[in-house]
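Return atomic coordinates for the entry below.
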Amino acid sequence: MAVVLDVHLLCNRMIKISVIKNFFRSYKIKIDSICSIENWLWENEKKIKNLDCIAQIVNQNKIIIIKLVCPLFRDLGIYIEKVEKEYLYTFWFHTEGYPELDCDTINKKNEIYYKKIEQSIFYLQKIETNLLKIAGIGIESDFYYSKNILDIVQKSYNMLLWIF
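Okay, the predicted model is just below:
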């Protein structure tokens with residue numbers, strides 16, 4: 001049974017589109033579709049033509065859904081939303097084909113994947129200084145938003161790793 005691994009990035013501002021495009025290129029990720037929704041009930045879903053207009057849409061308090069295609073994973077995508085004055089990015093992928101990730105702990109069999117995710121986050125912070133407030137990685141996780149980092153950590157579910 002495959003589960004979803006989530007990588008949550010709470011940012012002080014939006015990530016530059018050029019950085020996202022470079023990340024996609026480096027991992028051979030292609031965009032399948034982009035849409036916006038009004039809320040998590042998926043109301044008023046609208047197709048978006050390209051990444052270049054997502055900042056304007058997110059700043060209207062809409063949620064961006066990016067469906068991605070990659071040869072390494074069966075199903076993956078990104079959710080982008082503005083929460084108060086911060087931006088929450090959730091990069092997710094199904095772990096099908098990676099049974100070592102279908103686990104609620106970090107262990108010897110899966111730690112290499114978590115290290116690669118960490119490295120990507122550290123690289124992002126290096127090229128986009130003062131971007132990240134906090135990052136959390138988990139399986140079927142629920143990221144609880146708060147202005148208070150301690151509340152985020154205490155009230156989020158199924159997180160395996162935090163990066164401050």
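
any idea how far the spatially closest residue to residue 70 that is not a sequence neighbour lies from residue 69?
Sequence neighbours aside, residue 29 is the residue nearest to residue 70 in space, at 4.6 Å (criterion: CB to CB, 6 or more residues apart in numbering). Backbone N, C-alpha and C define where each C-beta goes, glycine included. According to CB to CB, to the nearest Å, residue 29 stands 7 Å off from residue 69.

shared neighbours of these two, which are they?
residue 76 (CB atoms under 8 Å, 6 or more residues apart in numbering).

between those two, who's got more neighbours?
Set residue 29 next to residue 69 and count neighbours by other CB atoms under 10 Å: residue 29 wins out with 20 against 15.

Hmm, the more buried one is touching residue 71, no?
No - in this structure residue 29 lies outside contact range of residue 71 using CB atoms under 8 Å: 9.1 Å.

hmm, back to that, against residue 17, how distant is the residue nearest to residue 70?
The span separating residue 29 from residue 17 equals 14 Å under the rule CB to CB.

again with residue 126
Using CB to CB, we find residue 126 at a distance of 18 Å from residue 17.

More neighbours: which of these two?
residue 17 (14 against 9).

That one reaches residue 52, doesn't it?
Yes - with contact defined as CB under 8 Å, residue 17 and residue 52 form a contacting pair (6.1 Å).

tell me the pLDDT at the residue of the chain most remote from its centre?
Note on the chain: the largest C-alpha distance from the chain mean falls to residue 108, namely 23.9 Å (CA atoms, centre = their mean). The model reports residue 108 with a pLDDT of 96.

now residue 160
Predicted confidence (pLDDT) for residue 160: 96.

Number of residues surrounding it?
Counted by other CB under 10 Å, the residues lying close to residue 160 total 17.

Check residue 85 too.
Other residues near residue 85 number 8, with proximity taken as other CB under 10 Å.

pLDDT value on it, please?
pLDDT recorded at residue 85 is 95.

pull the longest helix from this protein.
In terms of residue count, the longest helix belonging to the chain (DSSP state H) is helix 111-127.

Sweet, I'm off.
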